[in-house]
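*Asks:* Provided below are the primary sequence and the corresponding predicted coordinates.
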Amino acid sequence: MTTLSERISQSAFDGSRLRVVLLLDLHDGAQNQFLEAYEHLRNQVASVPGHISDQLCQSIENPSQWLITSEWESAPPFLAWVNSEEHVQTVQPLHSCVRDTRSLRFSVLRETGSAFEGTPEAVKGNLQSAPRLGDGVVRHALTFTVKPGSEDVVAKILADYDSPKARVDEHTRLRRTSLFMHGNRVVRAVEVEGDLLAALRHVSRQPEVRAVEEAINPYLEQDRDLSDENSARVFFTRAALPTVHHVTAGRQNPADIRRHALFYQAKEGCGMALARLLAGNDEEAAEDRNSPIDSSTIFQRDDIVVRLLEMVGPLDAQPAQALGIDDPAKVARLGRLLDGGVNPAPTNGQEISRFLKKSEMTLITDRRAADS
C-alpha cells in the first residue's frame, strides 16, 4: 500500500477500499418507477471492474427518502465509472424520479465484523492506513470547450463578471475561484469551506453568475439550456473535473506564492495512470524542503489531467520541479503516458521547458473571499 504524506488532505491513490453513499429524496409517487430504474442500474454496475457490492435502502420514517451505498476495491475504478459517458446515460432514467440528491465518498478506515459476503480476500484488508489531515477546504473543478476562434471573447466574459457573495450559510462559504484557459478549453477551479454542493447551488443562483453563463452559451461546443433542469444537469455532469489528489507543504511565505495550472493530455486510457504518477511525485516534493512548490492539486477525468500549483516563482525558473518529475526514468514514463510525450533525451531540460510552455494554462481570473 502506498504511504501517503501526513500533509495530504485528499487522495484517490492510497489503495484503500471506497464506500460511496448516495442520499436521495424522491418525488411523491415515484417509488416504483425509481425501483425499476435502479434494478437496471444495479445490473449494469455489477459488471464494472472494481465494484464489490451495493445496497438500496428506504427510510422507515419517510418513504420518499432513499439511500444507495456501494463498495469499491479502491477509488480509481469508481471514478472511472462515475465519470464515464456510459454512467451519464445509465443514470438518466433516475433523474425524473429524484427531487434532490447528494453523493458522499469515503475511504474505509476501520471496520467491525465480517466483510461483505463475496468480497475478494485480496481487498478485505485494503483499509486506509491512517486519518488524513485536512484543511477544511473542498476542491473541485469544471471543464468545457468553446468554439475555436471565440477564445478571446469568452476570456473577456469570464474575466469581467462581478463576484458572487462568498457566504452561503453559517457553515459554508466560497473561498476561491480560479479560471484558466488552454486553447479553447476552460477550467474553473473552486475552493469551498463546508458543503461543496450547497456552494455550487448558491453560485449558480446568483444573478451575476447566471448572466455570465448565459453570455457564454453561444460559444460553447456542447449545447445546453440552463432553463431546462435536465440539460443543465447533463452539462455539468460531463463538465465535472474531480480532484484526485491534493498535498500542501505549507512552508512558503504566502506573499511569495503564485498560482499556475498545467494541462496534460494523456494517451487514450492513460489519464488515471498519469494522474497517479504526478500525485506520487508531488507527494515527494512536499517532503523536499528545497522544492518551490507549496501545494499541488490534481484534477482528472478520462484522459484530461490538470495540475494546479501554488509555488514560488515562474514555472521556467525550475522546470523539472514544475513538471513534477526530476528523475529521468520517471520522465520517460511520463512521456509514454502523454499524448505527444516528453523526450527524455540528453536535451531533456530544454524539452521539459518547451513542454511547460506548451502546457501552461492562461490565468483569466483568480478571486478570493475577503478573509481567505
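*Replies:* Happy to help now that I have it.
*Asks:* following the lowest-mean-pLDDT helix or strand in the chain, which helix or strand shows up next?
*Replies:* For the chain, the helix or strand with the lowest mean confidence is helix 121-124, at a mean of 56 (criterion: mean pLDDT, DSSP states H and E). Stepping forward along the backbone from helix 121-124, the first helix or strand reached (DSSP states H and E) is strand 137-145.
*Asks:* tell me the buried residues in the helix or strand following that following strand?
*Replies:* Once strand 137-145 ends, the next helix or strand along the chain (criterion: DSSP H and E) is helix 151-159. Taking 16 or more other CB atoms under 10 Å as the basis for neighbour counts, the residues of helix 151-159 that come out buried are 151, 154-155, 157-158. C-betas here are computed from N, CA, C, even on glycine.
*Asks:* which helices and strands does helix 151-159 pack with?
*Replies:* Counting contacts by 3 or more CB pairs under 8 Å, 6 or more residues apart in numbering; DSSP states H and E, the secondary-structure elements packed against helix 151-159 are strand 173-182, helix 207-216, strand 362-368.
*Asks:* residues in contact with that helix: which ones?
*Replies:* Residues outside helix 151-159 that contact it (CB atoms under 8 Å, 6 or more residues apart in numbering) are 146, 179, 181, 183-184, 186, 212, 215-216, 219, 362, 364-365.
*Asks:* Throw these into JSON lines and include neighbour count, thanks.
*Replies:* Below are those laid out as JSON lines (neighbours: other CB atoms under 10 Å):
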{"residue": "Val146", "neighbour count": "23"}
{"residue": "Leu179", "neighbour count": "23"}
{"residue": "Met181", "neighbour count": "20"}
{"residue": "Gly183", "neighbour count": "12"}
{"residue": "Asn184", "neighbour count": "16"}
{"residue": "Val186", "neighbour count": "24"}
{"residue": "Val212", "neighbour count": "17"}
{"residue": "Ala215", "neighbour count": "16"}
{"residue": "Ile216", "neighbour count": "16"}
{"residue": "Tyr219", "neighbour count": "17"}
{"residue": "Thr362", "neighbour count": "12"}
{"residue": "Ile364", "neighbour count": "19"}
{"residue": "Thr365", "neighbour count": "15"}
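*Asks:* helix or strand for Leu334, which one?
*Replies:* Judged by DSSP H and E, Leu334 forms part of helix 328-337.
*Asks:* now Glu86
*Replies:* helix 85-90.
*Asks:* how many residues are close by Ser103?
*Replies:* By other CB atoms under 10 Å, 12 other residues sit near Ser103.
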